[in-house]
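Chemist: sequence plus predicted model, see below.
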Amino acid sequence: MTDLITRLSKLGAPDREVDAEIAVLFSGDPDAYVVRPNEGAMFSHKPGWFATGDNKSHKSPEYTTSVDAAIALAERVLPGWTFEHIGQDYIRASGLDNDVMPMGWTVEISDGSQTIQGQAPTLPLAICIALLRAKEASKL
């Protein structure tokens, strides 16, 4: 999971193959895998697809694109966790106080005893990072 968090942290835009990796991670099927070209599964030419153990192909939700998909996943895999903070980060563009530019998003989720943060250029990516970090921390 740490490798996936690292990949997400380096993204500047949505990535359908990462969506498929997230779908596989939380599919509940130990034999699920990301479909890649020339693996023989249906739709292998399209990024963002994953196959289950019975070799059926599925289009993964757009976790890195859609706020709704990322939040729905967080609610499913982290029951009882709540979003404590979702906010846009800004950087001062010049010396003036009112001259700021958006530079990314910060998301904080909590289970009541710990708060986990995700930061990324887009809100869905920040949610996914916070979700994976929280899932990793909850296994410790």
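Modeler: Everything's here; your move. Predicted model only: the values in this text are computed from it and were never measured. Numbers count the residues shown, from 1 in each chain.

Chemist: show me where this protein has strands.
Modeler: 33-34, 49-51, 57-59, 82-92, 100-110, 115-120 (DSSP state E).

Chemist: out of the ones you listed, which one sits most buried?
Modeler: strand 49-51 (a mean of 24; mean count of other Cβ atoms under 10 Å). Every residue, glycine included, has its C-beta placed from N, CA and C.

Chemist: for Arg45, give me the pLDDT.
Modeler: Actually, residue 45 is His rather than Arg. Among the per-residue scores, His45 holds a pLDDT of 57.

Chemist: show me what the longest helix that the chain contains is packed up against.
Modeler: Assignment by DSSP state H gives helix 123-138 as the longest helix of the chain. Helices and strands touching helix 123-138, by 3 or more Cβ pairs under 8 Å, 6 or more residues apart in numbering; DSSP states H and E, are helix 2-10, helix 67-77, strand 82-92, strand 100-110, strand 115-120.

Chemist: send the alpha carbons of the last one over as CSV?
Modeler: Output in CSV follows, covering the C-alpha atoms of strand 115-120 (Å, rounded to 0.1, in the frame of the first residue of the first chain):
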residue,chain,number,x,y,z
THR,A,115,-6.2,12.2,12.4
ILE,A,116,-4.7,11.4,9.0
GLN,A,117,-3.9,13.9,6.3
GLY,A,118,-3.6,13.8,2.6
GLN,A,119,-2.4,16.6,0.3
ALA,A,120,-2.4,16.7,-3.5
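
Chemist: I appreciate the help and will end here.
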